[in-house]
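just coords:
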């Protein structure tokens, strides 16, 4: 148990160091510039402490329970023995079906657990007055990340250029922006940046780097990255699609209601 | 008598608080169920190995649940109200420059010390030294990594300034973002090849778990405090800027160095 305690203190210290600049800037402006104590300062401080304590526990737990298992799994799944090919032999992309499945599943699952996304979804639900369901939004983002990681691993296996996928994605985003409900657009754009954080990055990177190291003819430096770039692009598409789908569904359910959008 | 009543109220309130927190902890199971399911499935059916040290895994999971519940509780009590009350206070004060300086400081300050960014900058310096763009000495590499770090921090600061200005002026987000992507595509064509991957990755590492809620609350607070702005369509979008500008700034950095 003492080892657990020191691990926890290490994690806590790291989080505090992480949060220090934010606390410093906020306090400076609050006291020196705004010169006003915010309402219920004790409650704020306790909330801040909860965030720091919660994050350190969260990260420590992940490192103990999920990361080692997930990373080993990513390595094993991408190893030539599991794929069933001899070293150095070129392979068909269909040999990696389990890898795409794992990539999609792990991308989806880690995104659902991403604290920053929980925060943004909560806020969106609150601000929209309940018309946007936080859970639906998070699922839409998670589907986007899952798809992106599956496509990203496929790209690594086939060795096709990243730029191609990015350009197609951007074009889709631009087209959807003109057709999606106006209120979802800023949220959709934000969700791209929110997804790639504490839980998703380590496991996704392990999958990408493991794959790039074992697929014949790929290099981890050149092909390993790009997963994160795709993972920030696809959620924009799925979140807008989710909004388009729900408005379409509502329009079908209530055919009497007059059209609001032009 | 009134004292006892108050004491009872306090006890009741505490009990309610404890009860809602326990519910919150149990509620996080829903957030974690997919990841537990995925790992269990692949472990049992695909890799076909028993779970190693399951006791460690179980305590780890409990910590993750408790941590997530505390984080969510802290968001509602601390980070969200803080961001909103500051936005409100700035709007009341009516000094645009102070608000913009705050936005820049928040973006720059939270990014420059970000551990993920420090790690990426170090790796980038090594990659660039390997490619022969800079000298492969300790000093040159450190200088390059520091330069990269400050470039990204500058970019996030600029993003929040631009994002806050957009909320104040009510500019439509999608035109700015699309314009930004166009600039990035054009820069990608002329920037050196070694920097492109680093640039695209740096957009993703900048937004940390504490910054995101605070910045989101700030944007929504501003949009609610200013008449004629809609919190939903105008309040969101700050994070989008913060993941876009680093790409452009790092591409330029690669061209200049």
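On my side now, so go ahead. All of these numbers come straight from a predicted model, not from anything done at the bench.

and the residue lying closest to residue B:100 once chain neighbours are set aside, what pLDDT?
Closest residue to residue B:100 apart from its sequence neighbours, by Cβ to Cβ, 6 or more residues apart in numbering or on different chains: residue B:161 at 5.2 Å. Bear in mind the C-beta positions are built from the backbone N, C-alpha and C, glycine included. Here, the pLDDT recorded for residue B:161 equals 96.

ok, now residue B:20?
85.

helix, strand or coil for it?
helix (DSSP: H, G, I helix; E, B strand; the rest coil).

follow-up on the earlier one: could you list the buried residues of the helix or strand hosting the residue nearest to residue B:100?
Per DSSP states H and E: residue B:161 is located in helix B:138-169. The neighbour-count check on helix B:138-169 (16 or more other Cβ atoms under 10 Å in any protein chain shown) flags B:141, B:144-145, B:147-164, B:166-168 as buried.

Would you pull up the residue in the stretch 51-200 of chain A closest to chain B?
For the stretch 51-200 of chain A and chain B, the shortest gap (Cβ to the nearest Cβ) falls at residue A:65, measuring 2.6 Å.

Give the residue spans of the chain that score low on pLDDT.
In the absence of a named chain, this looks at chain A. For chain A, applying pLDDT under 70 flags the ranges A:1, A:81-91, A:219-225, A:254-262.

that's the other chain; I wanted chain B
Those would be B:1-6, B:205-206, if you go by pLDDT under 70 across chain B.

Next, count neighbours for the residue of the stretch 51-200 of chain A closest to chain B.
25 (other Cβ atoms under 10 Å in any protein chain shown).

Likewise for residue B:62?
Burial of residue B:62 is recorded as 15 neighbouring residues (other Cβ under 10 Å).

what's the answer for residue B:211, then?
27.

Would you mind listing what in the stretch 151-257 of chain B touches chain A?
B:173-174, B:177-178, B:181, B:185, B:188, B:197, B:200-201, B:203-214, B:216-217, B:220, B:230-240, B:242-243 (Cβ under 8 Å from any Cβ of the partner chain).

What about those residues, which are in helices?
B:173-174, B:177-178, B:181, B:185, B:188, B:197, B:200-201, B:203-205, B:211-214, B:216-217, B:220, B:238-240, B:242-243 (DSSP state H).

So among those residues, which ones count as buried?
B:173-174, B:177, B:181, B:188, B:197, B:200-201, B:203-205, B:211-214, B:216-217, B:220, B:238-240, B:242-243.

Pick out the residue closest to the middle of chain A.
residue A:195 (2.5 Å; Cα atoms, centre = their mean).

ok, it - contacts?
Listed by Cβ atoms under 8 Å, 6 or more residues apart in numbering or on different chains, the contact set of residue A:195 reads A:111, A:114, A:117, A:141, A:144, A:145, A:231, A:232, A:235.

do the same with residue B:200
A:225, A:226, A:228, A:229, B:247.

Contacts only, for residue B:251.
Counted by Cβ under 8 Å, 6+ apart, residue B:251 has contacts B:184, B:187, B:188, B:191, B:195, B:196, B:199.

Pick out the residue in chain B sitting closest to chain A.
For chain B, Cβ to the nearest Cβ, closest residue to chain A: residue B:78, 2.2 Å.

Not counting its neighbours along the chain, what's nearest that residue?
Per Cβ to Cβ, 6+ apart, closest to residue B:78 is residue A:47, 2.2 Å.

What residue in the stretch 1-150 of chain A comes nearest to chain B?
For the stretch 1-150 of chain A, Cβ to the nearest Cβ, closest residue to chain B: residue A:47, 2.2 Å.

Adding distance to residue A:97, write the contacts of residue B:251 out as a markdown table.
Formatted as a markdown table, the contacts of residue B:251 follow (distance: Cβ to Cβ, whole Å):
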| residue | distance to residue A:97 |
| --- | --- |
| B:184 | 34 |
| B:187 | 37 |
| B:188 | 32 |
| B:191 | 36 |
| B:195 | 34 |
| B:196 | 30 |
| B:199 | 32 |
